[in-house]
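K.L.:
Structure for this input, please:
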Amino acid sequence: MKKKNLLQRIIIILLVTIAALYIVIGPRRKPTLKDFTWAGIKNTLQENIRLGLDLRGGSHLVMQVQTDEYLAKLTNDNAAAAQQAAKDAGLPVKEVRAETANKTYRVILDTGDASKNQQVRDAVQKKIGLSDWTESESGSVITWTLPVAQQRLISQQAVDQSLKIIDSRINAFGVTEPTLQTHGAPGSNQILLQMPGINDPERIKALLVGESRLELVHVVSPASPAPVQKYATREEALASIGGQESATRRVLPYSERDEPTTASGQTDTANNPQKPKSYVVVEYPPVVSGSELRNAQAVTSRAGSDDYQIQFSLKPAGAQKFGDWTGKSINEYMGVVLNDEVKSIAYIKSQITDSGEISGRFTQQSAEDLALTLRSGALPARIVYQEERTVGPSLGADSIRAGIKSSLVGLALVIAFMLFYYRGSGVNAVVALILNLILTVAGLVIFRATLTLPGIAGIILTIGMAVDSNVLIFERIREELRTGKTVPSAVEQGFARAFVTIIDTHVTTIISSLFLFVFGTGPIRGFAVTLVLGLICNLFSAVYVSRTIFIWLLNRKGRRVETLSI
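P.N.:
Numbering: from 1, shown residues only. Just a heads-up that it's a prediction; the model follows:
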């Protein structure tokens, strides 16, 4: 080979090596002299290489989104909205009910007059839109049924929305480098969350599944000056509305304080002691829901107080609806409902537009957590924990030591074998092997992949695959030498004939690893990622770099090619 081509090869190898070393041990900020000390390099390695849960310690959670409950709530809400749509249009409705048993979801509306069916259908479709539901009619009864295919689609949307909300809550809480993804078989509605470095997950667990369904509703009560109508028991409240809840009226608990006094939609409870729980009747659908919330923050009830409350503001569309409703509801009562419990009741003295507050003797932490969940949005459905594991940092450190020890022992044995069996050519293989390890780790850093204990196993397997490539090449060169060919010709033919075999073994292994990545869970995927990176880097180091070293040796001035140790 010409010296010009050899020089190009050497320059490429040096540039790749220097770049890989800097990626692995170089700081992500402006470097200082301390960064190039042993302690600095060690700290930089810890910053650059993301360690998985089994190496760093932390929490592993598997959650399931209760999509059946979500579909049931959607059906009930649509039933309430259908009744309200007919009422707003001045159309007759005899009965509206929702059926949610046995994974069948129906909204059934009885107009009482079959001649009005079409008008009611038009009013409902215009108001809430049930085009994805199968519509049927029998006499004066109109039925909307949610198809199975649409159930699956809505369930998947609920899981996707839950993923986004959990991700925003985790990021706002400050958990670094979490793993968040769907989990299990299709349709299992499971979510996997791994949080390295989090060893006490209880607060985060409460934050993740904490509900934040905020609703502003009309509280059914005599107009002022009569006080808000409260009931001592749920049964008394139900009796006031005919013995059972309907699509438009519900009974909710209310942790009562002193009578509300406000001209702005706010409730002053800073100095009011908690009283026994009572019950109130509220109207649905709500005037404004949490999806129309713009912001929420925790503040003290008054200067120097240990009680906290949550101030919230509404988006323009929600503020418009809220303003219109409060303008028409002066001298009536409004309830702030959080997770199906009335937190405070405000007497409306004037129109309110875009703000309010939730009182409830919150601590600072509980108020801040609630404000965070309100800002991130309500989970579309309840989430339950199905699996929980906590790995302590000491166990993670033990895993790191064991992984590094096994890797070094395996590397040392491989190096000793290659030097003993192939002598001088073994040095060539060792150089290519070390470069392969550097490039693999650099790849992990570039792609922000997480190194797990199975990932270390992938690195060890990569060492074996890299050595196997060199063995294939060296043995092919030996066979060519036995046929009487010169060393340069034997090297050329050895690399050319071994290359096809190397590509075949690498491609088949990479394809197998891709299947592991697609269908495997977190640790298995870590193994697959590391193995694929190692094999791709090996094609460069075992073929390109190793061949360049042979070419350099054969082109050295005065070198007798017959003395090469092959």
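
K.L.:
For the longest helix along the chain, list every residue counted as buried.
P.N.:
The longest helix of the chain (DSSP state H) is helix 487-519. Residues of helix 487-519 classed as buried: 487, 490-495, 498-499, 502, 506, 509, 513, 516-517 (neighbour count, 16 or more other CB atoms under 10 Å). Any C-beta I mention is one placed from the backbone N, CA and C, and that applies to glycine too.

K.L.:
Just give me how far stretch 129-139 sits from the chain centre.
P.N.:
For stretch 129-139, the separation from the chain centroid amounts to 36 Å (computed by CA atoms, centre = their mean, to the nearest Å).

K.L.:
Using CSV, write out every CA atom in it.
P.N.:
Provided in CSV are the C-alpha atoms of stretch 129-139 (Å, rounded to 0.1, in the frame of the first residue of the first chain):
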residue,chain,number,x,y,z
GLY,A,129,-70.2,14.8,19.8
LEU,A,130,-70.7,11.0,20.0
SER,A,131,-69.7,10.2,16.4
ASP,A,132,-67.3,7.5,17.5
TRP,A,133,-70.1,5.7,19.4
THR,A,134,-72.5,3.4,17.7
GLU,A,135,-76.0,4.9,17.7
SER,A,136,-79.2,2.9,17.9
GLU,A,137,-82.9,3.7,18.5
SER,A,138,-85.9,1.8,19.9
GLY,A,139,-89.1,3.8,20.3
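
K.L.:
tell me the mean pLDDT over that stretch?
P.N.:
Taken as a whole, stretch 129-139 has an average pLDDT of 87.

K.L.:
try stretch 317-333
P.N.:
Average pLDDT, stretch 317-333: 83.

K.L.:
I'd like the next helix or strand past the stretch of helix or strand Ile11 belongs to.
P.N.:
Counting by DSSP states H and E, the element that carries Ile11 is helix 3-25. Downstream of helix 3-25, the first helix or strand assigned by DSSP H and E is helix 38-48.

K.L.:
what's in contact with the helix or strand just after that next one?
P.N.:
Per DSSP H and E, the first helix or strand lying C-terminal to helix 38-48 is strand 50-51. For strand 50-51, contacts defined as CB atoms under 8 Å, 6 or more residues apart in numbering pick out Glu177, Pro196, Gly396, Ile400, Leu444, Arg448, Ala449, Thr450, Leu451, Thr452.

K.L.:
can I get those residues in TSV with distance to Thr300 and secondary structure?
P.N.:
Below are those laid out as TSV (distance: CB to CB, whole Å; DSSP: H, G, I helix; E, B strand; the rest coil):
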residue	distance to Thr300	secondary structure
Glu177	34	coil
Pro196	35	strand
Gly396	40	helix
Ile400	45	helix
Leu444	47	helix
Arg448	40	coil
Ala449	45	coil
Thr450	41	strand
Leu451	45	strand
Thr452	44	coil
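
K.L.:
and Ile12, how many neighbours does it have?
P.N.:
Neighbourhood size, Ile12 [other CB atoms under 10 Å]: 14.

K.L.:
in the chain, what secondary structure element scores lowest on mean pLDDT?
P.N.:
For the chain, the helix or strand with the lowest mean confidence is strand 355-362, at a mean of 66 (criterion: mean pLDDT, DSSP states H and E).

K.L.:
so the most centrally placed residue in the chain, which of the three states?
P.N.:
Computing the C-alpha centroid of the chain and ranking residues by CA atoms, centre = their mean puts Leu180 first, at 3.3 Å. Secondary structure state of Leu180, per DSSP: H, G, I helix; E, B strand; the rest coil, is strand.

K.L.:
Surely Tyr279 is within a strand?
P.N.:
Yes: checked against three-state DSSP, Tyr279 lies within a strand.

K.L.:
how close does it get to Gly242?
P.N.:
15 Å (CB to CB, to the nearest Å).

K.L.:
which one of those two has more residues nearby?
P.N.:
Using other CB under 10 Å, the more surrounded residue of Tyr279 and Gly242 is Tyr279, with 21 against 9.
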